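Peer 1: got a structure for you, letters missing:
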């Protein structure tokens, strides 16, 4: 079943990112990004020009609802993050934010088309189904990071990984269930599993991170730079 977030009512004001989350993108910024994207796509190939034709007429009252549109992505994100934050905040159970980084899923720049999201999702689902986490409610997203090495002879690589929000259990049970799939660590994946309990006072920041059209963060781990520009 396909759930259409665009037709849902807005969440309560305290769970609306533009009102309660400092730094959430403004509508003006999203509109500016949409116009810049359209301009870029119009100079591209036939497929890119077709996408520009979809995004270009997007306006209030007649949104395009394209996943590539910064304005519609913002609208979706407001409802997705807000309603999910409301659910978690009002739930008596604890929730956990978990990142899983498979060390055997790397792709050269220009080679991300080799990646299969459906196969990747099924792999994670089966790992959960075969463990004590099988009964957990899970919201899962696939992130893509560009990993840039400090060594000049090592080429950058794409690193698909999982960011999920999970109800119940604990750090210990998460590691007990999944460590044998992801450990031991290797040099380019020093921490394949990271989990933390969600602070319900700041849950909106966590849920807004779970779906994002684009962001740019650089961090360094043991001589490895991570630049994370995209989520699908």
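Peer 2: Ah, there it is. In this text the structure is predicted, and so the values were computed from the model without any measurement.
Peer 1: just the helices in this protein please.
Peer 2: 17-20, 27-42, 46-55, 70-89, 117-129, 171-182, 203-210 (DSSP state H).
Peer 1: any idea how far residue 149 lies from residue 159?
Peer 2: Computed with C-beta to C-beta, to the nearest Å, the distance linking residue 149 and residue 159 is 12 Å. Where you see a C-beta, it was placed from the backbone N, CA and C, and this is true even at glycine.
Peer 1: Please identify which of those two sits among more neighbours.
Peer 2: In this view residue 149 and residue 159 are compared by other C-beta atoms under 10 Å, and residue 159 has more residues nearby, 21 against 15.
Peer 1: and the gap between that one and residue 41?
Peer 2: 26 Å.
Peer 1: Quick one: the helices of the chain as CSV, columns for mean pLDDT and mean neighbour count too.
Peer 2: As requested, the helices of the chain are arranged in CSV below (pLDDT from 0 to 100; neighbours: other C-beta atoms under 10 Å):
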stretch, mean pLDDT, mean neighbour count
helix 17-20, 92, 17
helix 27-42, 95, 15
helix 46-55, 95, 14
helix 70-89, 93, 21
helix 117-129, 93, 13
helix 171-182, 94, 15
helix 203-210, 89, 21
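Peer 1: And those helices: which comes nearest residue 7?
Peer 2: Proximity to residue 7 (C-beta to C-beta) singles out helix 70-89 among these, at 9.3 Å.
Peer 1: closest to residue 11 out of the helices of the chain?
Peer 2: Comparing the helices of the chain under C-beta to C-beta, the one sitting nearest is helix 70-89, at 3.3 Å.
Peer 1: just the angle between that closest one and helix 203-210, please?
Peer 2: With axes from the mean of the first three to the mean of the last three C-alpha atoms, to 10 degrees as the basis, helix 70-89 and helix 203-210 are set at 130 degrees to each other.
Peer 1: Do I have it right that residue 54 meets residue 66?
Peer 2: Yes. The criterion here is C-beta atoms under 8 Å, and residue 54 meets it with residue 66 at 5.2 Å.
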